[in-house]
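Colleague: Everything below, folded, please.
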Amino acid sequence: MMPGDAELLADLRATVAGHGLVMLGACHDGETTRVMIGNAGSAMVAHVPGMPDADPADDPVNRWTRDVMTPIAASLGAEVVFPFDGPPWHPFVSWMTATGQAFISPLGLAIHPEFGLWFALRAALLFPTRLPLAQAEARSPCLTCVDRPCLSTCPVSAFDGETYAADACRDHLATPRGTDCMSQGCRARRACPVGTAWRYHPAHANFHMRAFAD
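Modeller: Got it, this is the predicted structure:
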């Protein structure tokens, strides 16, 4: 372990927090360390120019993420990769679940024990050494969720616990009945009882719903 390794991740956590981002988890991969960075809740929105009113097609979030994370990675001697770089696409969801801090929910989305479904992966930092990790073990909150309201709330039954009918979802969003999901965020996602304090603000949710619907 190099001098300062023990403080590096703490410094990284504080640095990304200054941009409305969070360190979601980390794991060793051979002799390297992979650290997952993303947003939880809507703190990021205040830092992204033009968001949430910008046209999602203008790519404001991805452009901002690259501008923020590239110099941070360089200052720490890490390589940075992004989920929007590809093809080939990096397996970000698999990387996140490998940290032991996220699990696959019945909706097919990754769920975090604290943030619930209200987080998104934005970047991964790849360090050339095995940094000391001290993460508490976590369990999927879905294991103790008996009612699973996420599977019964969708107006068009787009989720069955195994598959996702994306076309039915998009068709619904284009109708007056879809206004609630468009303005507040996916109703099935909102039905999850985990991480409600981190639920996206309506304008933030609408930004992502517009990106999906287009």
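Colleague: Would you mind listing the outside residues contacting stretch 60-76?
Modeller: 8, 12, 15-16, 19, 21, 37, 44, 47-51, 54, 79-80, 82, 84, 122-123, 125, 127 (Cβ atoms under 8 Å, 6 or more residues apart in numbering). Bear in mind the C-beta positions are built from the backbone N, C-alpha and C, glycine included.
Colleague: one more time with 7 Å, if that's ok
Modeller: Contacts to stretch 60-76, defined as Cβ atoms under 7 Å, 6 or more residues apart in numbering, come from residues 8, 12, 15, 19, 37, 48-51, 54, 79-80, 82, 84, 122-123, 125.
Colleague: which ones among those residues are found in strands?
Modeller: With DSSP state E as the criterion, strands contain 37, 79-80, 122-123, 125 from among the contacts of stretch 60-76.
Colleague: Can you pick out the most distant pair from the residues you listed?
Modeller: 79 and 122 (15.2 Å; Cβ to Cβ).
Colleague: Looking at those two, which one has more neighbours?
Modeller: For residue 79 versus residue 122, the count of surrounding residues by other Cβ atoms under 10 Å is larger for residue 122: 26 against 13.
Colleague: and the more buried one, how far is that from residue 101?
Modeller: Applying Cβ to Cβ, to the nearest Å, the value for residue 122 to residue 101 is 15 Å.
Colleague: before we move on, what about residue 15?
Modeller: From residue 15 over to residue 101 (counting by Cβ to Cβ), the distance is 19 Å.
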